[in-house]
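K.L.:
Here you go, sequence then predicted model.
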Amino acid sequence: MNHFDFSVIADVWPFLAKGLIFSLELTAVGFVGGLILGIGLALVRHLQVPIAAPLATGYITLIRSVPLIMVLFWFFFLMPLILMWLTGAPRPVQIGPVWTAFVTFTLFEAAYYAEIIRAGFKSIAKGQFAACKALGMTTVQTYGNIILPQVLRVVSPILLTQTIILFQDTSLVYVLSITDLLGAASKIAQRDGRLVEMYLAVAVLYMVICSATSQVVAVLKQKYAVPGRR
């Protein structure tokens, strides 16, 4: 341990903090965007909308069947070629690593959030749908005012658990040379030869953030637990 100097962590903290902020921003965008798109996909499947429902099912199945890092590569390398073909541009339309990360994480998480929301729809008693229909409520009113708020409340622990996984997965953007939390630590570690100190600091940060969020999940599970179950 005499060769370790953990004081270097304080010296490079501004750079680590910058990477941490990006990781949190990516998590927030992936959560909000993925949840909105996921709700849409879940509704399409739950309502069995013609044509759209099979397409949504195929999309969810595809995304959930491949690793996130592969989706990142797909979007980063293939989307410029697709945009070139659609726009008639003379060369591939570059998107950039940051936009690639934000869009890819949103599209990827949407598939997982959609399945969580769809499971939540199944937990709602059928009598509530019948009651809404008897009151003359439209489909939008039924889901927007009655069903969806209940579903989001019930599945909130699972949504938050998936978001913890999302935060951990942000470390994968290193393949795009983006300075996230892990990327920042890696650059400093290789520059200064302080691999142990930097990677240990990152591990502690991930542990603290994920552990604190897991405690919130436990509280939500207790709050919204089905009577008679734990």
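P.N.:
Right, received. Where do you want to start? Numbering: from 1, shown residues only.

K.L.:
okay, CA-based contacts and neighbour counts for the rest of this
P.N.:
Fine.

K.L.:
mind listing the helices for this structure?
P.N.:
Here the chain has its helices, by DSSP state H, at 7-11, 13-46, 52-63, 68-73, 79-87, 97-123, 126-134, 139-141, 148-169, 181-192, 195-223.

K.L.:
Export the ones you listed as TSV, with columns for mean pLDDT.
P.N.:
Putting these into TSV (pLDDT from 0 to 100) gives the following:
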stretch	mean pLDDT
helix 7-11	80
helix 13-46	94
helix 52-63	94
helix 68-73	92
helix 79-87	87
helix 97-123	94
helix 126-134	88
helix 139-141	89
helix 148-169	91
helix 181-192	87
helix 195-223	87
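
K.L.:
Next, count neighbours for the closest residue to Leu160 other than its chain neighbours.
P.N.:
Of all residues not flanking Leu160 in the chain, Val217 sits nearest, at 6.5 Å (CA to CA, 6 or more residues apart in numbering). Burial of Val217 is recorded as 19 neighbouring residues (other CA atoms under 10 Å).

K.L.:
show me what contacts Val217?
P.N.:
Val217 makes contact with 157-158, 160-161, according to CA atoms under 8 Å, 6 or more residues apart in numbering.

K.L.:
hmm, back to that, rebuild the helices of the chain as TSV, extending it with distance to Val175.
P.N.:
As requested, those are exported to TSV (distance: least, CA to CA, whole Å):
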stretch	distance to Val175
helix 7-11	24
helix 13-46	14
helix 52-63	19
helix 68-73	8
helix 79-87	17
helix 97-123	9
helix 126-134	46
helix 139-141	42
helix 148-169	12
helix 181-192	9
helix 195-223	17
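
K.L.:
Could you give the number of residues near Pro54?
P.N.:
14.

K.L.:
separation between the closest residue to it other than its chain neighbours and Ala119?
P.N.:
Distances taken as CA to CA, 6+ apart put Arg45 closest to Pro54, at 7.7 Å, once the chain neighbours are dropped. With the distance defined as CA to CA, to the nearest Å, Arg45 ends up 11 Å from Ala119.

K.L.:
picking that back up, ok, now how distant is the residue nearest to Pro54 from Pro80?
P.N.:
30 Å.

K.L.:
now do Tyr113
P.N.:
Distance of Tyr113 to Pro80, computed by CA to CA: 27 Å.

K.L.:
Of these two, give the one with the bigger neighbour count.
P.N.:
It is Tyr113, of Tyr113 and Pro80, that has more neighbours when counted by other CA under 10 Å, with 26 against 18.

K.L.:
out of everything not next to it in sequence, what's closest to the more buried one?
P.N.:
Leaving aside its sequence neighbours, Tyr113 sits nearest to Gly38 (CA to CA, 6+ apart; 5.1 Å).

K.L.:
The one you found - how many residues pack around it?
P.N.:
Using other CA under 10 Å, Gly38 has 28 neighbouring residues.

K.L.:
No more questions from me, cheers.
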